[in-house]
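Novice: need coordinates for the following:
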Amino acid sequence: MMHRIERTFAGRPLIIETGRMAKQAAGSAMVQFGDTMVLASVVVSDKKSTLPFFPLTVEYREKTYAAGKIPGGFIKREGRPRDEEILSARIIDRSIRPLFPEGFQNEVQVFVYVISADQENDADMLGLLATSFALNASKIPFFGPIAGVRVGRVEGKWLLNPTFQALEFSDLDMVVAGTEESIMMVEGGALEVSEEDVVDALKIAQKGIGELIGMQEELLKKCAVEKMAWTRNEVPEEVAKAVGKAAKKRIEDAINQKEKHTRIQAVEAVKEAVKGEMATALTPEQLPFVGTVLGDLEYNALREQVLETGLRVDGRKPTEVRQISIDTSVLPRAHGSALFTRGQTQALVAATLGTANDVQRMDSIDDAKETTKSFMLHYNFPPFSTGEVRPVRGTSRREIGHGNLAERALQGVLPAFEEFPYTIRIVSDVLESNGSSSMASVCGGSLACFDAGIPLKGAVAGVAMGLIKEGKKYAVLTDILGTEDHLGDMDFKVAGTKDGITSIQMDIKIQGLDLKIMTEALAQAKQGRLHILGEMDKALPTVRPELSPWAPRIVTMMINPEKIGDLIGPKGKTIRGIQDETGAELTVDDTGLVTIAAVGGESMERARQMVQAITAEPVVGETYTGTVKSVTAFGAFVEIMPGTEALLHVSEMRHTRVEKPEDIVKKGEQVTVKLIDRDERGRLRLSMKALLPKPEGMPDAPEGGEGGDRPRGDRGDRGDRGGRGGRGGRPRE
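Specialist: This is a model prediction of the structure:
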């Protein structure tokens with residue numbers, strides 16, 4: 001049976017519907033906001049997984065038919081998901097994962113399809129809303145409902161779920177997911193906003209989340225189903241006691257190693273030793289629980305130590321940042337580079353400057369036409385960075401997510417494209433990882449931009465915050481280790497300048513976080529960020545004044561849009577010829593903006609002169625050297641610019657009378673002339689005598705002319721003196 005609810009949310013109609021589509025799934029829901037529609041379906045396996053983690057997968061797909069489009073390329077069907085689809089899937093996954101019961105191991109799959117796109121309203125938060133309802137309306141155990149909203153701010157006014165058009169004017173774009181009481185996930189970018197502004201945005205988001213949860217609860221009363229039966233593997237008490245007695249103290253000692261691999265090896269050595277001891281002390285039925293108890297002991301040991309002593313496993317205090325070392329210009333031929341090391345996390349970051357031809361072209365259902373992207377940050381996380389051996393199967397979802405987080409952090413401080421017309425690509429190769437490699441990529445990316453001479457508005461640094469929370473006791477940790485991320489309750493990344501936040505991301509493993517702890521974490525993150533910025537300032541305080549000698553130089557010039565065709569030439573022949581001859585790269589847009597890029601000033605200047613020669617407009621009063629194209633009885637036509645001819649009348653060749661123009665100029669001859677007139681029809685008149693000294697005793701030319709004979713009715717000078725072509729007086733009948 002179909003059930004449906006419709007309300008007005010953020011000034012637009014919002015519909016949640018279930019029971020009409022995908023009815024064989026465990027649960028499904030359609031959500032419509034404006035004319036954007038998403039369908040979410042959830043399914044669950046009846047068998048319990050043996051994997052050591054909860055097997056949840058989320059797939060988010062945009063159907064091109066949603067926007068009335070056909071996929072590009074040779075294969076006319078949707079292929080691998082775009083980065084934006086993967087990022088949306090990650091947002092949904094991170095929001096719902098903490099709300100499944102601990103110990104629930106049945107495989108769950110979530111599919112979200114965008115089936116209509118109005119190119120005004122984003123579908124990602126609708127996908128989360130549909131997923132939440134589908135899970136709650138299914139037999140799958142889930143501590144919901146939850147909801148998510150996007151928050152923007154335009155001219156000081158907060159907006160919930162702003163349109164794409166409104167977001168272009170917003171100084172903040174943040175998505176927030178949570179329950180009515182607490183926050184589960186935060187993701188967003190901003191233009192150097194304050195910590196107080198972020199807290200205000202979270203408060204606005206919670207109000208919207210409350211409305212959406214209320215809608216779900218009202219509709220769930222009509223279609224709730226009984227939850228499936230499942231059992232959690234409970235550890236026998238005698239196993240917990242035996243393993244705890246044998247391993248607790250040894251694990252507490254093992255985890256307090258400052259070096260990552262030494263700590264891992266010490267903990268693993270204890271676990272292996274205890275498993276060997278338990279092989280004779282426990283029954284075969286009890287042995288599978290030994291690993292679970294050992295994992296719990298390690299988890300509790302780290303957390304208890306932080307809460308009780310205020311010291312972390314590497315000896316740091318909760319607010320302390322690891323030691324930082326920085327090297328810049330480490331790659332001789334890269335346009336800008338930096339090696340940023342913080343503790344045992346290290347990123348080699350390179351910045352490359354390209355031209356307008358290097359922009360990334362993207363086709364999306366959210367845009368009516370193809371869009372371009374002139375700034376990219378790519379993050380790579382090879383297995384050797386953690387000392388592991390694992391297969392490499394292309395760019396992972398984690399790499400896409402971390403790269404997007406770092407990209408947003410730098411996006412807000414980039415110069416406008418009009419001021420710095422380069423395509424910028426930053427690549428962060430993580431060489432070592434022990435916590436917060438994405439924030440190391442932010443710091444290294446900022447330094448690489450400074451090294452490349454990219455005029456950022458300010459340096460950007462990032463820090464990852466953690467949380468240990470047991471009941472009412474908690475500790476916020478600055479610059480977390482990989483172990484603290486794995487065994488802690490929160491991964492909260494904040495990046496920005498000394499003036500404000502530019503990027504933020506929060507994931508938690510507990511069922512929600514209140515604003516008090518978030519406010520404290522933001523304040524502590526600011527202290528850490530300012531400390532890291534201070535260390536970066538010591539290494540490279542300002543943008544280098546000159547670009548790398550290997551970077552292209554770019555100049556721009558405006559031409560008359562009517563001359564674009566002349567510059568391009570038939571089938572691009574002219575512009576290609578300029579590029580082939582000079583080695584420069586040329587682009588021209590519909591407004592007449594020509595961009596010339598070249599490595600080396602000579603080729604760039606030569607290309608600029610050639611473009612100017614083809615597209616320049618003749619200026620009255622300027623002197624030109626041109627070629628005589630033809631000679632007539634009344635003068636000659638001279639090409640003063642490529643494709644631009646002007647009349648050199650016989651009366652303008654000399655101060656004295658000239659009987660035959662061919663006595664003065666010959667076809668193909670180079671002559672120097674002055675442009676003396678352009679009439680209302682655009683016809684040009686030249687003069688040679690204006691550049692020659694006047695003979696002594698020659699009277700000045702009469703008013704209205706420059707002396708000499710007037711034209712005799714030729715087509716090039718019709719009606720100068722009032723007649724149709726005669727010497728003056730009244731016109732002939």
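Novice: show the backbone phi and psi for the nearest residue in space to R322 that is not next to it in sequence.
Specialist: In this structure, R322 finds its nearest non-sequential neighbour in G343, 3.2 Å apart by C-beta to C-beta, 6 or more residues apart in numbering. Heads up, the C-betas are built off the backbone N, CA and C, glycines and all. Dihedral pair for G343: phi 60, psi -130, per degrees, to the nearest 10.
Novice: contacts only, for G343.
Specialist: D314, R322, Q323, N434, G435, D479, L481 (C-beta atoms under 8 Å, 6 or more residues apart in numbering).
Novice: looking at it, the fourth one is touching K258, isn't it?
Specialist: This means N434. No - using C-beta atoms under 8 Å, N434 makes no contact with K258, being 10.8 Å away.
Novice: the more surrounded of those two?
Specialist: Ranked by neighbour count (other C-beta atoms under 10 Å), N434 and K258 place N434 first, with 24 against 15.
Novice: so the more buried one sits in a strand?
Specialist: No - the assignment for N434, made by DSSP: H, G, I helix; E, B strand; the rest coil, is coil rather than a strand.
Novice: where in the stretch 101-250 of the chain is pLDDT low?
Specialist: Across the stretch 101-250 of the chain, nothing is flagged by pLDDT under 70.
Novice: all strands of the stretch 1-150 of the chain, in order?
Specialist: 3-9, 12-18, 27-33, 36-48, 56-62, 106-116, 147-154 (DSSP state E, counting those that start in this stretch).
Novice: which other residues reach the fifth one?
Specialist: Spelled out, it's strand 56-62. 78, 81-82, 84-86, 88-90, 92-93, 96-97, 100, 107-114, 117, 123-124, 127, 131, 364-365.
Novice: hmm, which of those residues are the buried ones?
Specialist: 81-82, 84-86, 88-90, 92-93, 96-97, 100, 107-114, 117, 123-124, 127, 131, 364-365 (16 or more other C-beta atoms under 10 Å).
Novice: inside helices: which ones of these?
Specialist: E84, E85, I86, S88, A89, R90, I92, D93, I96, D124, G127, T131 (DSSP state H).
Novice: any idea which of those residues is closest to G401?
Specialist: R90 (5.1 Å; C-beta to C-beta).
Novice: please name the nearest non-neighbouring residue to that closest one.
Specialist: That would be G401: by C-beta to C-beta, 6+ apart, it lies 5.1 Å from R90.
Novice: could you do G148 as well?
Specialist: Computed as C-beta to C-beta, 6+ apart, the closest residue to G148 that is not its neighbour in sequence is A177, at 3.7 Å.
Novice: for stretch 110-129, list the C-alpha coordinates in CSV.
Specialist: The C-alpha trace of stretch 110-129 is given here as CSV (Å, rounded to 0.1, in the frame of the first residue of the first chain):
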residue,chain,number,x,y,z
VAL,A,110,21.7,1.0,0.3
PHE,A,111,20.9,2.1,-3.3
VAL,A,112,20.1,5.7,-4.0
TYR,A,113,19.0,6.7,-7.5
VAL,A,114,18.5,10.3,-8.6
ILE,A,115,15.6,10.0,-11.0
SER,A,116,14.7,13.6,-11.6
ALA,A,117,16.9,16.7,-11.5
ASP,A,118,15.5,20.2,-11.7
GLN,A,119,19.0,21.8,-11.8
GLU,A,120,18.0,24.0,-8.8
ASN,A,121,17.9,21.6,-5.8
ASP,A,122,20.7,19.3,-4.8
ALA,A,123,19.8,15.6,-4.4
ASP,A,124,22.4,14.5,-1.8
MET,A,125,20.4,15.4,1.3
LEU,A,126,17.2,14.1,-0.2
GLY,A,127,19.1,10.8,-0.7
LEU,A,128,19.9,10.7,3.0
LEU,A,129,16.3,11.5,4.0
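Novice: nearest to S385, out of the strands of the stretch 1-150 of the chain?
Specialist: Checked against C-beta to C-beta, the stretch from the strands of the stretch 1-150 of the chain lying closest is strand 56-62, at 24.8 Å.
Novice: okay, buried residues for the closest one please.
Specialist: Within strand 56-62, the residues that count as buried by 16+ other C-beta under 10 Å are V58, Y60, R61, E62.
Novice: got the contact list for the nearest residue to E6 once chain neighbours are set aside?
Specialist: Among residues not flanking E6 along the chain, I15 sits closest, at 4.8 Å (C-beta to C-beta, 6+ apart). Going by C-beta under 8 Å, 6+ apart, I15 touches R4, I5, E6, M30, V31, Q32, F33.
Novice: nearest to L410 among the contacts of G343?
Specialist: Taking these together and measuring to L410 by C-beta to C-beta, the closest member is D479, at 19.7 Å.
Novice: that closest one: neighbour count?
Specialist: There are 27 residues near D479, going by other C-beta under 10 Å.
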